[in-house]
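A.B. asks: Fold the following for me, if possible:
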Amino acid sequence: MNLTVTNIKVHPTAIIESNVSIGDRTSVWDNVHIRFSTRIGQECIIGEKTYIAYGVQIGDRVKINAFVYICNAVTIEDGVMISAGTVFTNDRFPRATTVDLKQLRSSDPDEYTLPTLVREGATIGANCTIGSDLSIGRFAMIGMGSLVTKSIPDFHLAIGHPAKSVGCVCRCGQLLTRFPTDLKSFSADLDCPSCGLQYAVREGVVTESTPP
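C.D. replies: As a prediction, the model looks like this:
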């Protein structure tokens, strides 16, 4: 483990491999496994029995609940919330062996290992499955139990199997509005009923009018 500073909490049952960087005031709970060459930022919480593969990049102030599986090629920006039981994937054509079944295939990344980016402030609800070659936008929210197979725009609320955008949310997490069926013709100027931040929606694109 290559600690950037010493003010961190690591439970004695956690497994942390070589060349892992953990930022100041981050907590790693019991039975977590963090593989080599991973970077975790400051003030993060890594919940119990979570697995983080090699080479994963995690920003500052990220909350990862218990039983989360994060595979290689995943990048998580600052302020992201990943709820319990969420699973990331990175291989479109997974096989255990060669075609003659006589040799295990390597688990190293190859041309079919595709990236996933979770942008700052996003939330992923409990028990979601996240596909690869996609991004989850800034402050987007994924409803619990969803299956994400394509990119989700900034501030969108997406739910279902597969996940589809049904509305948009504020930075604070409050629902701003539900989208009509014809999203392309929908325009609105919205105020958050909770914190008062203002947004504009034009043809499905949500922009901040009064960013903090």
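A.B. asks: Do you know the pLDDT at Leu3?
C.D. replies: If you check Leu3, the pLDDT there is 49.
A.B. asks: from now on call the first residue 19
C.D. replies: Yes, from this point I'll number from 19; that puts the last item at Leu21.
A.B. asks: In the protein, where is pLDDT below threshold?
C.D. replies: Scanning the chain for pLDDT under 70 picks out 19-24.
A.B. asks: any idea how far the residue most central in space within the chain is from Ser227?
C.D. replies: By C-alpha atoms, centre = their mean, the mean C-alpha position of the chain lies nearest to Val136, the distance being 4.4 Å. Relative to Ser227, Val136 is positioned 24 Å away (C-beta to C-beta, to the nearest Å). Heads up, the C-betas are built off the backbone N, CA and C, glycines and all.
A.B. asks: Now do the same contact list for the residue nearest to the centre of the chain.
C.D. replies: Val92, Thr93, Ile94, Glu95, Val98, Ile100, Ile142, Ile148, Ser153, Ile154 (C-beta atoms under 8 Å, 6 or more residues apart in numbering).
A.B. asks: how near is it to Tyr69?
C.D. replies: Per C-beta to C-beta, Val136 is found 16 Å from Tyr69.
A.B. asks: I'd say Phe157 and Ile170 touch.
C.D. replies: No - at 10.7 Å, Phe157 does not count as touching Ile170 under the criterion of C-beta atoms under 8 Å.
A.B. asks: gap between Val98 and Leu135?
C.D. replies: To Leu135, Val98 is 10 Å away according to C-beta to C-beta.
A.B. asks: out of these two, which sits in the more crowded spot?
C.D. replies: Taking other C-beta atoms under 10 Å, Val98 and Leu135 do not tie; Val98 has more neighbours (23 against 17).
A.B. asks: What distance do you get for the more buried one to Gly65?
C.D. replies: Taking C-beta to C-beta, one finds Val98 at 13 Å from Gly65.
A.B. asks: Common neighbours of these two, please.
C.D. replies: With C-beta under 8 Å, 6+ apart as the test, Val98 and Gly65 both reach Lys81.
A.B. asks: Quick one: classify the residue lying closest to Arg196 once chain neighbours are set aside as helix, strand or coil.
C.D. replies: Spatially, and ignoring its direct neighbours in sequence, Arg196 is nearest to Gly185 (4.1 Å; C-beta to C-beta, 6 or more residues apart in numbering). Classification of Gly185 by DSSP: H, G, I helix; E, B strand; the rest coil places it in strand.
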